[in-house]
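Colleague: Sequence first, predicted coordinates after that:
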2 protein chains.
Amino acid sequence: MPMATHAGERKTGRTPLSRERVLRAAMALADEHDIEAVSMRKLAQELGVDPMSLYNHVTNKEDLLGGMVDLVVDEIDLMPVDDGDWKGALRAQVLAARQTMLRHPWARGVLEARTDSSPTIMRYFDAVAGIFRSGGVSIDLMHHALHTIGSRVLGFNQELFDDSNTFDQGPEVIALMAHQMAAEYPNLSEMMLQISHDETTVVGSGCDDTFEFEFALDLLLDGIERLHHAAS
Amino acid sequence: MPMATHAGERKTGRTPLSRERVLRAAMALADEHDIEAVSMRKLAQELGVDPMSLYNHVTNKEDLLGGMVDLVVDEIDLMPVDDGDWKGALRAQVLAARQTMLRHPWARGVLEARTDSSPTIMRYFDAVAGIFRSGGVSIDLMHHALHTIGSRVLGFNQELFDDSNTFDQGPEVIALMAHQMAAEYPNLSEMMLQISHDETTVVGSGCDDTFEFEFALDLLLDGIERLHHAAS
DNA sequence: ACCTGAACACCGTTCAAGT
DNA sequence: ACCTGAACACCGTTCAAGT
């Protein structure tokens, strides 16, 4: 005797669609195959559903991307406010954001393309602002500081100058490349040569990125702290 | 008696296609209607040509975008190296880049999406590196500095925290918004309130962006200079 | 209320054919 | 050598129809 098919358990017994389920699936797809793999059609296929069914839970693709990014930002651990050390708390907060973004590299491009920010993102920025305020940083300085730190507040290493691939090579390969470039790009080739010889700097590109990120972050925080002290 | 139709002057008398002409047309299209208006098909239509004809002068869309961006970077004025004031020269160079990028706002997204950098871009970075070297900045510090300045070297104001739209509103509108947000985003609403009252800060969003850009740039340059002096 | 399929208006690009 | 048109494999989304 066949069981009665009641709502929520159609002939396939598959869990019904929901915004949550759609967004989670999209996030998994992006994590695994990068953002260009996330099309409405492929996502639907992944969920075993007609492409048009997605539109019952997401108004359009922009909404989908926004929801995905909110999921990521919600994943960032919020650091406790430490009245005695706003700089340390802020540093920890930004590094926490970076950890999350490293797990979801596609989020950067989506966030930068977004035009209006969601409540989730506002909440994160409000938390960061709270850290500044806990240290008595003036609103005006905090405002400029937020602009200055830029997308690094969310843990992005905003580099156009990405030489991490270069330094994946062995020193002798780099030396060869550097000599070939010497005529046209004398300064860059000089830089490549020296850095490839300096073993303490080159410890694998993953570590390098972390070093450069913290170097930049500390330079920014030190500068902001200096202005804060000068003002008080 | 009909004129003979010779090469270069087909029945329409239109100038023949060339890489240069394709790239210039694409740039004009992007300048006027933003980057999403630049499709192979629309570009071909703009040129009065079959879409497939473009592929004789451009290997694919990626090549097209790369060529467009090279055109932009080539537009940046290169500042003379000033041995006595590397910081001032660098500042001037970055602000020159910013002027160019303001004329071609679409270039930022294309540049950030690019994976490998062209000779044109390498030449620009080499010029920037030359400015550092002219001031005797060590290669190691210069390397970190380039990573720290990040995409700002090319004049981008890398802001996720874009409140320029907000401050386009009148003070009373902002005050209303701030009060509505107060419960959920106490720190941000406090910031909005104060900034909207401070008339010297809000002089139109265009000017604001310039101020924030220079504020961030100077903070970075001052930090780098401090490290440079500490090392020597 | 939720899901579906056909259809529309777009993409970039391959390939064989024209001149 | 350069250009063309038809065709292919994709997009996001509207709309009318199903349950």
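Modeller: Sure thing, it's come through. Numbering: from 1, shown residues only, chains lettered A, B, ... in the order given.

Colleague: Grab the most central residue of chain A for me.
Modeller: The centroid of chain A falls nearest to A:Met101 when counting by C-alpha atoms, centre = their mean (3.3 Å).

Colleague: Skipping its backbone neighbours, what lies nearest A:Ala113 in space?
Modeller: B:Gly109 (7.3 Å; C-beta to C-beta, 6 or more residues apart in numbering or on different chains). Every C-beta, even on glycine, is put in place using the N, C-alpha and C of the backbone.

Colleague: So the helix or strand hosting the one you found, near DNA strand C or not?
Modeller: Secondary structure from DSSP states H and E places B:Gly109 in helix B:107-113. No: Helix B:107-113 does not reach DNA strand C (C-beta under 7 Å from any atom of the strand); its nearest approach is 12.7 Å.

Colleague: And the average pLDDT for whatever helix or strand comes next after that helix is what?
Modeller: Using DSSP H and E, the helix or strand that follows helix B:107-113 in sequence is helix B:119-134. Helix B:119-134 shows a mean pLDDT of 96.

Colleague: Stretch A:48-58 too?
Modeller: Model confidence over stretch A:48-58 averages 96 on the pLDDT scale.

Colleague: Stretch A:149-165 too?
Modeller: On average, stretch A:149-165 scores 82.

Colleague: Show me what from chain A comes close to DNA strand C.
Modeller: Counting by C-beta under 7 Å from any atom of the strand, chain A sits next to DNA strand C at A:Pro16, A:Leu17, A:Val49, A:Asp50, A:Met52, A:Ser53, A:Tyr55, A:Asn56, A:His57.

Colleague: Can you lay out those as TSV showing secondary structure, distance to chain B and neighbour count?
Modeller: Converted to TSV, these look like this (DSSP: H, G, I helix; E, B strand; the rest coil; distance: C-beta to the nearest C-beta, whole Å; neighbours: other C-beta atoms under 10 Å in any protein chain shown):
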residue	secondary structure	distance to chain B	neighbour count
A:Pro16	coil	31	10
A:Leu17	coil	29	18
A:Val49	coil	28	18
A:Asp50	coil	27	11
A:Met52	helix	24	10
A:Ser53	helix	27	13
A:Tyr55	helix	22	16
A:Asn56	helix	27	12
A:His57	coil	25	16
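
Colleague: near DNA strand D, from those residues?
Modeller: Among those, DNA strand D is touched by A:Met52, A:Tyr55 when using C-beta under 7 Å from any atom of the strand.

Colleague: Same list, the residues of chain A next to DNA strand C, but as TSV with distance to A:Asp83 please.
Modeller: Shown next, in TSV, are the residues of chain A next to DNA strand C (distance: C-beta to C-beta, whole Å):
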residue	distance to A:Asp83
A:Pro16	48
A:Leu17	46
A:Val49	50
A:Asp50	54
A:Met52	53
A:Ser53	50
A:Tyr55	48
A:Asn56	48
A:His57	43
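
Colleague: So which of the residues of chain A next to DNA strand C is the closest to DNA strand D?
Modeller: Closest approach to DNA strand D among the residues of chain A next to DNA strand C (C-beta to the nearest atom of the strand): A:Met52, at 4.7 Å.

Colleague: dump the residue contacts of the closest one.
Modeller: Contacts for A:Met52 (C-beta atoms under 8 Å, 6 or more residues apart in numbering or on different chains) come out as A:Ala44.

Colleague: cool, and A:Ala178?
Modeller: A:Ser189, A:Glu190, A:Met192, A:Leu193, A:Ser196.

Colleague: quick one: which of these is nearest DNA strand C?
Modeller: A:Met192 (31.0 Å).

Colleague: just checking, the closest one touches A:Val173?
Modeller: No: between A:Met192 and A:Val173 there is no contact under C-beta atoms under 8 Å: 10.5 Å.
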